[in-house]
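Trainee: Below are the sequence and a predicted model for it; my questions follow.
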4 protein chains.
Amino acid sequence: MTEIEIGRGKRAQRAWSFDDIAIVPNRRTRDPQDVSTSWKIDAYEFGLPVLGAPMDSVVSPETAVAIGKLGGLGVLDLEGLWTRYEDPSQQLNEIAKLPADKATKRMQEIYSEPIKPELIRDRIAQIRAAGVTVAGALSPQRAAEFSDAVIKAGVDLFVIRGTTVSAEHVSKNVEPLNLKEFIYKLDVPVIVGGAATYTSALHLMRTGAAGVLVGFGGGAASTTRRVLGIHAPMATAVADVAGARRDYMDESGGRYVQVIADGGLGTSGDIVKAIAVGADAVMLGSVLARAEEAPGQGWHWGQEAFNKDLPRGNKVQVGTAGTLEEILLGPSSSASGGTNLMGALRRSMATTGYSDVKEFQRVDVVVAPYHA
Amino acid sequence: MTEIEIGRGKRAQRAWSFDDIAIVPNRRTRDPQDVSTSWKIDAYEFGLPVLGAPMDSVVSPETAVAIGKLGGLGVLDLEGLWTRYEDPSQQLNEIAKLPADKATKRMQEIYSEPIKPELIRDRIAQIRAAGVTVAGALSPQRAAEFSDAVIKAGVDLFVIRGTTVSAEHVSKNVEPLNLKEFIYKLDVPVIVGGAATYTSALHLMRTGAAGVLVGFGGGAASTTRRVLGIHAPMATAVADVAGARRDYMDESGGRYVQVIADGGLGTSGDIVKAIAVGADAVMLGSVLARAEEAPGQGWHWGQEAFNKDLPRGNKVQVGTAGTLEEILLGPSSSASGGTNLMGALRRSMATTGYSDVKEFQRVDVVVAPYHA
Amino acid sequence: MTEIEIGRGKRAQRAWSFDDIAIVPNRRTRDPQDVSTSWKIDAYEFGLPVLGAPMDSVVSPETAVAIGKLGGLGVLDLEGLWTRYEDPSQQLNEIAKLPADKATKRMQEIYSEPIKPELIRDRIAQIRAAGVTVAGALSPQRAAEFSDAVIKAGVDLFVIRGTTVSAEHVSKNVEPLNLKEFIYKLDVPVIVGGAATYTSALHLMRTGAAGVLVGFGGGAASTTRRVLGIHAPMATAVADVAGARRDYMDESGGRYVQVIADGGLGTSGDIVKAIAVGADAVMLGSVLARAEEAPGQGWHWGQEAFNKDLPRGNKVQVGTAGTLEEILLGPSSSASGGTNLMGALRRSMATTGYSDVKEFQRVDVVVAPYHA
Amino acid sequence: MTEIEIGRGKRAQRAWSFDDIAIVPNRRTRDPQDVSTSWKIDAYEFGLPVLGAPMDSVVSPETAVAIGKLGGLGVLDLEGLWTRYEDPSQQLNEIAKLPADKATKRMQEIYSEPIKPELIRDRIAQIRAAGVTVAGALSPQRAAEFSDAVIKAGVDLFVIRGTTVSAEHVSKNVEPLNLKEFIYKLDVPVIVGGAATYTSALHLMRTGAAGVLVGFGGGAASTTRRVLGIHAPMATAVADVAGARRDYMDESGGRYVQVIADGGLGTSGDIVKAIAVGADAVMLGSVLARAEEAPGQGWHWGQEAFNKDLPRGNKVQVGTAGTLEEILLGPSSSASGGTNLMGALRRSMATTGYSDVKEFQRVDVVVAPYHA
């Protein structure tokens, strides 16, 4: 790994974003229809390597079902509006209309309503009833408190998602979540993250997680870099975590942990690149928030946007690009990389001669930064 | 070759675009009038190392003749409007007037009209009658179906052009084109591409092609990088393929395959740089679409713009810069690099002391990215 | 250290700005409330590692007191309006209203009013009376002339600040300040700078200074790079000076000199990065000029803006972001990195698992330039 | 020298512009008034290391005198308007008012008026009468034809300036200028260029030139890179030619050839950097065209703008920054780097502790590209 000297007292690695790289076709080509985009985690198989991000602008119980029927996995945020309000449509309408200068303050209020275990139960039941795989997400801070309610309600996959989740959280005041014990006791496979480096991902893999989310608040609605100085360029983060997957597979005698890119995925080209540098699947936020069915109604925001003391993101307007089906499966009548995401993945794999997602992780890439 | 580590699981090459490099004058200078821009492929000689791209906005039967009379080679797209419609002027007029938000959908319809072998025959006859070298292009998917019609109609040069063409296409459903056999059976020299890497170009050379097109949808009207994540920065692509030309010449005992840059050539400066890094000739799209005679009427589009499922380009407005003659040979009364392209090439060769195109491939270049 | 060849006659180091780098979370995380931001210089302890810059748009006697009460250290410019005018409010009002094209000329006039020793005495007394630590700044040119007045007035910390301050100033006309003697004779600890390189900082440390300011006119209001060609990218400057601190500690047998980043700190993210590459504390200008209490009334300027012969900065509009308390300690209701600076520092330290400022200097950083 | 591989068939050097580098202060500082900016070429001494570029928008007989009286050297273009028209004020007025879309064509006409030897004689006499050093410029194409007239008229310094001037020009049609013989026969010292590389400069030095101009049409009004693909980033070009000066001094047994940066000098900061990487003096175009006295009346253009076949530059509006004296010597009441150029040079030298121009060529620089 190339080390750069910032100055006499400090060295650093060079890190790369998706915009810095591109895929290059090589010797062989293939028909797009001969390409498989299927993905499997634990016992669950999916036609598409796509998770809908647990964000209120993206996944409602209804869109969780819709994403599932299209072949992906919609993950419901169990600390969002749907578990705080019996019927959150009024809050969603209000948020969509909030002017920029008042949005943060008002959203801080709306999200101060307590989470209700019985709503967790009902929302999960609603998704399960539709016959799709069920997944719900909690933050590490809330995982212990609500996990019983979640498990009883019967999720297939459990997601623990925070801006940074480490296997070793230190606290003087509260008993921190022991991830390893927690995961061991649960009956269902757990996806956990975000992690952004080789070491942090390796430790998360050792907790027994079935999948690791790669990212650190790098999404379209985040200002983490500006506020905290923290930034994990995604191409490097995914490739580093893929390296951890390989090394962990060796040390564990063959356990394969799914690497799921989560953040910085604004176009079909970004999704293709995430897999090209080692991801097994992608968790999508802003691109799915552009669906006609999306609860955000053309707006997108993350949990960091309504943090009480230190908001680190904004409600951003993403507009509407088409139906969920058009966005995921096409057909597309626009050339902007926001629709027929999976058609683009298929064609990119075909053009470079690969036939499944795992194989495509070996495709050649070049470093060629955009001059926007 | 310098390898960069994207992360622990992935390495990549650095790739460079024309905007990243520049030519530097050195010891000797020369008079522009003492410089030759002639180019030869197989038995055909040209005063200019210029091919008009087989795109409906650039080459009509009329402009194919005009380009030929000026010293270049106009390549007609045999799957475009001229072989689908008896008189495509109505369709061209309609396309020129389509508003941006409806263009993709309507062009998908216009191009659904079937290709007619008898129109292939007539268009080629029309060009041949004018006494210029005749060249027509098919995609690899259509090459087998229409090649008989093309050969019978009597082309001098046959162009097989797709976004990526490989010597080894894999398909479960259809019998893919065996390029080597196909080229062997044809009576005429074949130019084939695009290829963007050393390996893919070397394999295309081994099929017996007389020329290889270098590029991958990198033109002015393309959004391939955004949609597919695929991008082949042209300076590196051309230099890599030129490396393949040299190695293939050695392995074949002296067969010299023409390297033709195809894409990313927006100014005379880009054309000069393409040759400087190893191209023998250039295939021009958008710069020729700016001719008064161009069928696009100030607009430019590629075949990927009307793909049914996954359009990867837009109809873009390029405006009008002058007559075909002013664009290729001058004189120029503008300093923007869009007119007198060959005058600029001559002057650049003269300023650096080179007297022909082949020699000019040795000129010194520097890496000095634009800060747009 | 990597050397780059500019050309055959010249070599150069690569230097990095805060925008070029980012912090990456690693294995461990921590609760923000378990993190300490305390800072100590000589016998003086502070809750926050923050100094208000001695600039008339930032520190008045009143804001010096307010910054002190919030846990930081406000440094009054003893050559500014408060020591030239009995009541400078009229001048401040006028400056706030000056149109851009007349500002430089009029400010040159306003600042030609002589400095009055008795005003130095009164301003310092006013700050001292409020019970906070007292610090005043002079330029090296004026340090000898006014130091007696300053010491008699009773400062706790003495700041000598210029665009570049060296331990060895050469002059044919005036007896230059011998920093080593000057510091030795003073009773109070001295902070001196700006310095931007390892060598210049090492020499300043040898003069006996308690702290070194790192920077060279890199602030928001400066055009030094454009006018003088001089620029010291801050990440490299801080890391180099931190290297000098380590080496000087060794050669001096254990004297630890405080490294204070001064310039280029426009967001909380920049502050976090300054510490990450080695700073013990930060001197803030433009971000504090955005306080409701700031004397600049939404405008910000440095001393170089009214230089008589060669102004090298402008009066710039920075607007108002909140109260001094909201800016330093929050809560924040905006995600732009301009409020709750210390909350952001805490969270960044917690997210990466560090518990105090000194420890946080070891955090991992990556090179990942912004694509604005 | 670091070589970069563009691709398998091509390698390139990295080249740097002034915007890519900056000067860093180091250990020592000095008073600006103790700094000398004097410059000497052959027997001629100047207070300022500044030449006014032979361009009609910059140097008229009157401004040549004015620049001389301020301490620099104004070089009159002997192929410009002043030697084509008895009184060119009408043409200058017309050019100033030409709209952008018609400027190139009309300027091509205005400059088709023949050059008159008697006007060469009169203009030079006019400058000489004012008592300043006299310098006139011809292109290499015209040098032989008009040199007699020039020498008879009595210039002190003879400038041969073209976009690229090589010691070995090859032509089949005309007898090219043998620079070595030509310079040998002349009685006066010759400055020749532009050259942009080590080798081309070394060969020019061997012709006996007293000074070499470094550059290649890189000025504010040029589009050479876009049109010809040729570009010589100035920091690398100056450093390379400074390397040639050192090597030539060795091979010639001590002849020191003046290196004069010519192009890309848009601010005082750029001038400072040119000297920092090895220039002995600078030839200024656009910054002097901004003088109230400048013949361009707020506009600026080069000879390449009215080339008959291939114009490679535009008439650009530069506005007016102050009198020639304010621009060169100050005082300045703006912080944009366009006035008091020499005050900025003095201060930059003082801040880094150097006392004369030759010494300042050793100052430390860093690579730190602007993120405009």
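Mentor: Okay, I see it. For clarity, every value in this text was computed on a predicted model and none was experimentally measured.
Trainee: can you give me the strands in the stretch 201-350 of chain A?
Mentor: Counting by DSSP state E, counting those that start in this stretch, one finds strands in the stretch 201-350 of chain A at the ranges A:211-214, A:258-262, A:281-284, A:299-300, A:316-317.
Trainee: Reformat those as CSV; add mean neighbour count, distance to residue B:112 and mean pLDDT.
Mentor: (Glycine included, C-beta is placed from N, CA and C.) Output for the strands of the stretch 201-350 of chain A, formatted as CSV (neighbours: other Cβ atoms under 10 Å in any protein chain shown; distance: least, Cβ to Cβ, whole Å; pLDDT from 0 to 100):
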stretch, mean neighbour count, distance to residue B:112, mean pLDDT
strand A:211-214, 29, 42, 97
strand A:258-262, 28, 37, 97
strand A:281-284, 29, 32, 98
strand A:299-300, 26, 36, 94
strand A:316-317, 16, 35, 90
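Trainee: In contact with the residue nearest to residue A:278 when sequence neighbours are not counted, which residues?
Mentor: Leaving out its chain neighbours, the residue that sits closest to residue A:278 by Cβ to Cβ, 6 or more residues apart in numbering or on different chains is residue A:242, at 2.6 Å. Contacts for residue A:242 were tallied using Cβ atoms under 8 Å, 6 or more residues apart in numbering or on different chains; they are A:259, A:277-279, A:361, B:7-10.
Trainee: With respect to residue B:174, which of the residues you listed is nearest?
Mentor: Taking Cβ to Cβ as the measure, residue B:174 lies nearest residue A:361 of the contacts of residue A:242, at 27.6 Å.
Trainee: and the gap between that closest one and chain B?
Mentor: 8 Å (Cβ to the nearest Cβ, to the nearest Å).
Trainee: can you check residue A:260 too?
Mentor: For residue A:260, the distance to chain B equals 14 Å [Cβ to the nearest Cβ].
Trainee: I figured that residue hits residue A:212, correct?
Mentor: Yes: here residue A:260 lies in contact with residue A:212, judged by Cβ atoms under 8 Å, at a distance of 6.8 Å.
Trainee: Mind listing the shared neighbours of these two?
Mentor: Shared contacts of residue A:260 and residue A:212, defined by Cβ under 8 Å, 6+ apart, comprise A:191, A:193.
Trainee: Regarding residue A:121, what is its secondary structure?
Mentor: Of the three states, residue A:121 takes helix according to DSSP: H, G, I helix; E, B strand; the rest coil.
Trainee: which ones are touching the closest residue to it other than its chain neighbours?
Mentor: Nearest residue to residue A:121 in three dimensions, chain neighbours excluded: residue A:153, at 4.5 Å (Cβ to Cβ, 6+ apart). When contacts are counted by Cβ under 8 Å, 6+ apart, residue A:153 touches A:120-121, A:124-125, A:136.
Trainee: got a pLDDT number for residue A:153?
Mentor: Among the per-residue scores, residue A:153 holds a pLDDT of 90.
Trainee: How much space separates it from residue A:114?
Mentor: 18 Å (Cβ to Cβ, to the nearest Å).
Trainee: Also residue A:162?
Mentor: Taking Cβ to Cβ as the measure, residue A:162 and residue A:114 are separated by 20 Å.
Trainee: Those two: who's more crowded?
Mentor: When neighbours are counted by other Cβ atoms under 10 Å in any protein chain shown, residue A:162 comes out ahead of the other of residue A:162 and residue A:114, with 24 against 6.
Trainee: Now do the contacts for the residue in the stretch 51-200 of chain A positioned nearest to chain D.
Mentor: Going by Cβ to the nearest Cβ, chain D is nearest to residue A:196 of the stretch 51-200 of chain A, at 23.7 Å. With contacts defined as Cβ under 8 Å, 6+ apart, residue A:196 is in contact with A:164, A:214-216, A:232, A:237, A:240-241, C:24-25.
Trainee: Now narrow these to whatever sits close to chain B.
Mentor: A:237, A:240-241 (Cβ under 8 Å from any Cβ of the partner chain).
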